[in-house]
Every structure is written in structure tokens, then in C-alpha cells.
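In: need a 3D model of the sequence below.
(one chain, ligands or ions: 2)
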Amino acid sequence: MVRPPFLTRFLAHPPGSAVLSWEGRWLSYGELRALGERTAGWLQSRGVRPGDRVALHLENGLDLVAAHLGCMALGAVRVPLNAHYREVELAPILEDAEPVLVLTQSPALFPHSATAQGPGEGDPVDFWAGPDDVTALLFTSGTTGRPKGVPQTWSMWTHNLDALQARWSLTDCDALWLTLPLFHTHGLVLGLHGVLLRGARLMLSARFDPVAPPPDATHFYGVPTYYRRWLPLMQESPSAFHGLKLLVSGSDGLSAEVSDAVFGALGIRILERYGMTETVMISSNPFTGDRRAGTVGTALDGTEVRLVEGEVQVRGPSVFGGYWPRPDLEAFTVDGFFRTGDAGEWDESGYLRIVGRKRDLVIVGGVNVSPAEVEAVLVRAAGVLEVGCCGLPDDDLTEVVGAAVVLAPGTSPEAALAALREAAAGLSGLKRPRRYAIVEALPRNALGKLQRGRIAREVEFGG
Ligand code: MLC
Ligand code: AMP
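Out: Numbers count the residues shown, from 1 in each chain. Ligands and ions are numbered 1, 2, ... in the order given. Predicted coordinates:
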């Protein structure tokens, strides 16, 4: 039987070694594998077959881990769904993913799909998958407003996690405190699967709270918002952090102020790395060696990175093969490089800096938000003619969404704002505009195309 190297290595870890703690209880590798096998049997009894897609709409917890392991064992494709998404955000994803089963605690959100409230247990099924099978289908915000499906294969993950290992040197003595949601690449691939591949330990929490880390934790992965929120405690009680040896930041740019303040408080330089759902990790600073704040390090082994007119372009074994179900031919160059839409530059030592974005995207607390998606929801509000959204700087979340709005003649601003807020309530929290501006017209180019970059620069926003 030829399995993906990931599974072979996961199955070879000593069964008695502790791997996962949830709410104070530790499971061993043997227990976790058995849980995966029984969950796979239950999925099979619900009609799920290898290669079928199963949507996981669950908060971080043991049920979600069991569901992932069950899909892994059965060779089903997991479709992680953002647990905060509302109907309007879930609908296009479900339409494209066509899951045979949705595991959710909120079945009312999935009226046309087969659902189950969390996984159950059945007759054990052995872990098996083809070496290059798709193992997860993640949806990422497209600039058009419709999320795009990114098939991630076992082979992408294994290449990427091995290349990261050369930089981060995670050992089986290390313990990661994971508070990131498991529905994004950061928490799912680097966090959960990074640990499972390496034979390390994982302390899983439901969410990030800026409290003292578990005393045994050696590693922590976060978005910049986590470090900003944690800073006061780091400065007040640095001894609470004494067990940590690696703090990683990604998904969004980390400011020099936060990096320096954490270094001042703990003597640890946060390690910055750069990645995308489509590419997994692209570049990283090293754990040992020259860690440069304000840069995202150098390309991972096997990954080629180049800058073309300032845009970061990437090729290599961790880069996906194309969006699903609608390939976007513009996404790749003729010579096979993926266009990230991020703007970069090299520093004097060949380290990459991310300096901006060449596509319309707002990143709120590490979560990608497509301005076009928010506009499409807001423009339905009564009395609203046009809406243009942009990112506005925010001390906590790095950016928040701002909306510039053109009203129909005779509409009162108060009534329009109430209608806009009501429409925005149909979106998950981070996508809702925090600030609105009523404008006479939106900035457009000669062809009439909305210029979202100019909204942030030219429009004065109220609260
Ligand atoms: C919270 N909300 C979200 C959300 N998290 N909405 C959409 N997506 C999310 N991930 C909503 C809640 O439902 C709530 O809405 C409102 O925001 C406030 O909730 P909260 O729990 O108080 O939020 P807060 O604590 O402020 O959460 C912000 C956050 C969290 C930054 C702590 O979003 C987070 O953990 N972000 C990390 C995201 C991440 O993992 N990114 C990696 C992407 S992978 P309501 O209705 O209740 O008001 C990637 C590749 C790479 O980028 O390189 O890593
Ligand atoms: P996602 O589509 O959720 O995978 O988000 C990927 C995007 O997050 C990238 O295209 C970047 O814009 C951004 N990103 C990830 N890591 C970093 C980083 N270290 N610094 C700046 N932006 C980042």
C-alpha cells in the first residue's frame, strides 16, 4: 500500500507519546489514530467515500480534530468552513464544494445539505490515501468577491512542512500552543498538521485570549493582532512567557513597533514568515541565524520566488495547481509562476519584504476580506446607489473595512446608515465596515473602474 509520506510518518510516531491536549486532557498518538479510524468508520456509515468532500463547520475542539482525522483516514477531502460565516458567505462555497456531508453545530445554516452535529464513531477504517491526493479544499477570498476553491494536496503539505522544518527545527520535545482557527492554512497546515508530521505536541485552545501561555508551551504561531493584544501582559509579567522559545507571526504584516516591543519585553525576536492558501508558506526567517524584523526571510528550499514589476511570483512543489471548480488562467504566468498579488522588494541581504498589495484585498486581523464581496451586500441597502470599500488602518486589527457610499436622491443619511448596518449584519463580524462615509461620487478611472486605493486616500471617514 503506497500512502502519502505524511501519513506514513504520522502513523510511525510512538503510540504512547502524548500529542494533543484539549481542555486539560492529553491524548496519545495511539489514541488520536484510533479516534481517526473510528471517525472514518462513522463517516463511511453516513455514505462518505474516499475522494468525497466533507465540509467542517466546527469551532476548534476535539470534535473538529476527530473530523479532520476521520477524513484523513478515509481519504475524504475536508472543506474547512469559517465558523463565523453567515448564510450569504457560505452559499457560494457550498455551491462550488458540493459536500456530501456538513458537520456543524448550526444545521439551520445548511438547509439544502446533509448535516450532522459533529462526528460520531463507527467500525475502524485504516488510514489510507493516494500519495498526491487532494486532502483539503480551502476557500479564499477572491478579488471578484466570490471565494475561490484552493485544492491542497498531501504532496504540497509535505514539501512545505519539510522545507519549514529546515528553518524552524521543531522537535518531538516541542509543544505548540495553538489558538489559531483550524479553518485557515495557518492553523490547519502549519499548526495541526505541522505537529502531527513532526511527532511534537499540541495544546489546542478554542481561540486566542491574551493570557499567560500554558507553562509547557515552547512554540506559538499567531497573527500580528495576537501579539498586539498580548503585549501588555508580556511587559507586565515577562516571567509567564519563560517557556516559549519560538514566536511566529504571519498572515499579515507585523509592525516594527510590536516586534521591537516584544523583543524588549521577552528578549525574543518574533520570527516572520510569508505564505498564502494557494502556496502554503513561501518564505521564512530562520530559527537559528539571521532573523530580520520587517522581512519575511528568504524563499523556502524548493520554492522559487521572483519579483516582476514589484509583484511577488512563486513556483515550486508547494504551489497549488489551479482554482477549483473554475481555474483562473490569469493566476499563473506562461512559465508557471503563481501571481500572488502582493508587492515585495528584496533587502540588501536578499531577504524579502512585503510592502503592499497589487490587488484589492483588505486583511482584518489576519482574515482576508474582499471589498467587492462587502460592496455587493451593502449595495442592496435601501436608499443606496453605489458603494466602494477599502482598508483603513486600525491599531488592533491592522486594517478594518471602510465603506464610501453614494445615496439615492432624497435619502436621509441616518436612514441609509441604519439600512447599511442592517445589510452588513448579514456578513461575519470582521467583514462589516467599521466606518462609513457618504460621498457625492466614487473615485473611478477613465474607463469607469472603481479605484479603491483612492477611496482610502481621498475620502474622509466618520465613525
Ligand atoms: C472573528 N470574527 C470573524 C473571525 N473572527 N469573522 C470572520 N472571520 C474570522 N476569522 C467575527 C466574530 O464572528 C464576531 O462577529 C466579530 O468578528 C468579533 O468577534 P471576536 O471573537 O471578538 O473577534 P476578535 O477577538 O476581535 O477576533 C479577531 C481575531 C480572530 C484576530 C482574534 O479573527 C483571529 O483569530 N484571526 C486569525 C485569522 C487567521 O487564522 N488567519 C490566517 C489566514 S491563513 P459578531 O457577529 O459576533 O460581531 C493565511 C496564510 C498565512 O493568511 O500566511 O498564514
Ligand atoms: P490567505 O489568502 O488567507 O492565505 O492570505 C494570504 C495573504 O496574506 C498573502 O497574499 C499576503 O497578502 C498576506 N500575508 C501572509 N503572510 C504575510 C506576512 N508575513 N506579511 C504580510 N502579509 C502577509
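
In: helix, strand, or coil at the nearest residue to residue 429 once chain neighbours are set aside?
Out: Spatial nearest neighbour of residue 429, excluding adjacent residues (CB to CB, 6 or more residues apart in numbering): residue 84 at 6.3 Å. Yep, even glycine has a C-beta here, placed from its N, CA and C like the rest. Taking DSSP: H, G, I helix; E, B strand; the rest coil as the rule, one finds residue 84 in the coil state.

In: now do the contacts for residue 84.
Out: Residue 84 sits next to 428-430 when contact means CB atoms under 8 Å, 6 or more residues apart in numbering.

In: measure whichever residue of the stretch 1-150 of the chain sits closest to ligand 1 to residue 230 for me?
Out: Proximity of the stretch 1-150 of the chain to ligand 1 (CB to the nearest ligand atom) peaks at residue 84, 3.5 Å away. Residue 84 sits 21 Å away from residue 230 when distances are taken as CB to CB, to the nearest Å.

In: repeat that for residue 219.
Out: Distance from residue 219 to residue 230, counting by CB to CB: 15 Å.

In: one more: residue 442?
Out: According to CB to CB, residue 442 stands 38 Å off from residue 230.

In: so these two - more neighbours on which side?
Out: residue 230 (24 against 20; other CB atoms under 10 Å).

In: next one: phi and psi at the residue positioned nearest the centre of the chain?
Out: Centroid-nearest residue in the chain: residue 184, 2.9 Å away (criterion: CA atoms, centre = their mean). Here is the backbone geometry of residue 184 (degrees, to the nearest 10): phi -120, psi 160.

In: same check, this time on the one 4 residues further on
Out: As for residue 188, its main-chain torsions (degrees, to the nearest 10) stand at phi -70, psi -50.

In: ok, and the closest non-adjacent residue to it?
Out: Nearest residue to residue 188, sequence neighbours excluded (CB to CB, 6+ apart): residue 182, at 5.0 Å.

In: I figured the one you found was touching residue 189, is that so?
Out: No - checked against CB atoms under 8 Å, the pair residue 182 and residue 189 is beyond contact range at 9.7 Å.

In: wait, what's in contact with residue 20?
Out: Residue 20 neighbours (CB under 8 Å, 6+ apart): 26-27, 32, 65, 201-204.

In: any chance of those in TSV, plus secondary structure?
Out: Conversion of those to TSV gives the following (three-state DSSP):
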residue	secondary structure
26	strand
27	strand
32	helix
65	helix
201	strand
202	strand
203	strand
204	strand
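
In: let me have the residues you listed in JSON lines, adding neighbour count, pLDDT and distance to residue 131 as columns.
Out: Formatted as JSON lines, the contacts of residue 20 follow (neighbours: other CB atoms under 10 Å; pLDDT from 0 to 100; distance: CB to CB, whole Å):
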{"residue": "26", "neighbour count": "13", "pLDDT": "97", "distance to residue 131": "31"}
{"residue": "27", "neighbour count": "18", "pLDDT": "98", "distance to residue 131": "27"}
{"residue": "32", "neighbour count": "22", "pLDDT": "97", "distance to residue 131": "22"}
{"residue": "65", "neighbour count": "25", "pLDDT": "98", "distance to residue 131": "23"}
{"residue": "201", "neighbour count": "23", "pLDDT": "97", "distance to residue 131": "27"}
{"residue": "202", "neighbour count": "24", "pLDDT": "98", "distance to residue 131": "25"}
{"residue": "203", "neighbour count": "21", "pLDDT": "98", "distance to residue 131": "31"}
{"residue": "204", "neighbour count": "23", "pLDDT": "98", "distance to residue 131": "28"}
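
In: any low-confidence regions in this protein?
Out: For the chain, applying pLDDT under 70 flags the ranges 1, 463.

In: and whichever strand or helix holds residue 152, which residues are buried?
Out: Using DSSP states H and E, residue 152 maps to strand 148-153. By 16 or more other CB atoms under 10 Å, the buried positions in strand 148-153 come out as 148-153.

In: now stretch 369-381
Out: Quick answer for stretch 369-381 (16+ other CB under 10 Å): 369-379, 381.

In: how far does that stretch sit from the chain's center?
Out: On the basis of CA atoms, centre = their mean, to the nearest Å, stretch 369-381 is displaced by 21 Å from the centre of the chain it belongs to.
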